[in-house]
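Asker: Got a predicted structure here, sequence first:
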Amino acid sequence: MARLWGLLGLYGAAKKLVARRRGSEPPLDALTLVAAAQLASLVVFQAAENVAFLSGKKVLPGSAALQARLGLLSVRAWGLYVAMEAARLLVERRRKQEGEEEKSAAADKTAWQGQWNKSFYRNLAWAPLTLHWGSATGGFLPDVAISLLGFYPAWGAMTDLWRETRS
């Protein structure tokens with residue numbers, strides 16, 4: 001049932017994207033297009049995942065073969081998002097390095113680099129998992145690798161949440 005909560009996050013992201021497009025920013029800049037493509041891939045991920053899950057619980061009609069195809073589609077859509085996010089982060093870093101002047105405070109640079117590293121490496125940990133679960137042959141990673149790769153971004157998100165609620 002917790003899987004369905006992802007729809008609320010997508011609604012918020014779509015609302016933010018539409019608001020940004022209506023705002024003062026250029027309507028079709030590259031970041032808006034990437035954000036729209038990422039949102040579309042996450043919508044496919046959520047829709048396929050939720051239909052597969054609900055049909056597995058007999059809430060919706062669907063055969064086991066349909067559930068398997070939807071599961072594969074959902075993971076591949078998630079993998080597409082992960083790849084686009086990695087590319088977006090790399091472009092962001094390149095732009096930051098090219099446009100960076102000595103005027104920026106060292107503390108600002110360090111904080112930005114720390115946040116970028118955190119986002120990039122957490123996202124990077126998901127990449128082998130999407131390849132593993134998105135494989136039609138059943139995957140290639142041992143269970144311990146799956147656990148460790150999933151643990152890294154989950155632990156990071158939990159520690160961030162802990163820090164935010166402590167202060």
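Answerer: Structure's in. What do you need?

Asker: Quick check: buried residues in the top helix by length along the chain?
Answerer: When the chain is parsed with DSSP state H, its longest helix is helix 64-99. For helix 64-99, the buried set under the neighbour-count rule, 16 or more other CB atoms under 10 Å, comprises 67, 70-86, 88-89. Where you see a C-beta, it was placed from the backbone N, CA and C, and this is true even at glycine.

Asker: which helices and strands sit right next to it?
Answerer: helix 30-56, helix 106-133 (3 or more CB pairs under 8 Å, 6 or more residues apart in numbering; DSSP states H and E).

Asker: How about residues contacting the helix or strand that the last one is followed by?
Answerer: Yep, that's helix 106-133 we're talking about. Once helix 106-133 ends, the next helix or strand along the chain (criterion: DSSP states H and E) is helix 143-166. If you take CB atoms under 8 Å, 6 or more residues apart in numbering as the criterion, helix 143-166 is touched by K118, Y121, R122, N123, A125, W126, P128, L129, H132, L141.

Asker: what does the average pLDDT come to for helix 143-166?
Answerer: For helix 143-166, mean pLDDT is 95.

Asker: mind checking how far it is from the chain centre?
Answerer: 14 Å (CA atoms, centre = their mean, to the nearest Å).

Asker: which sections of the chain are below the confidence cut-off?
Answerer: 1, 24-28, 101-104, 167 (pLDDT under 70).

Asker: contacting residues for the nearest residue to L31 once chain neighbours are set aside?
Answerer: Nearest residue to L31 in three dimensions, chain neighbours excluded: R88, at 7.8 Å (CB to CB, 6 or more residues apart in numbering). With contacts defined as CB under 8 Å, 6+ apart, R88 is in contact with L31, V34, Q38.
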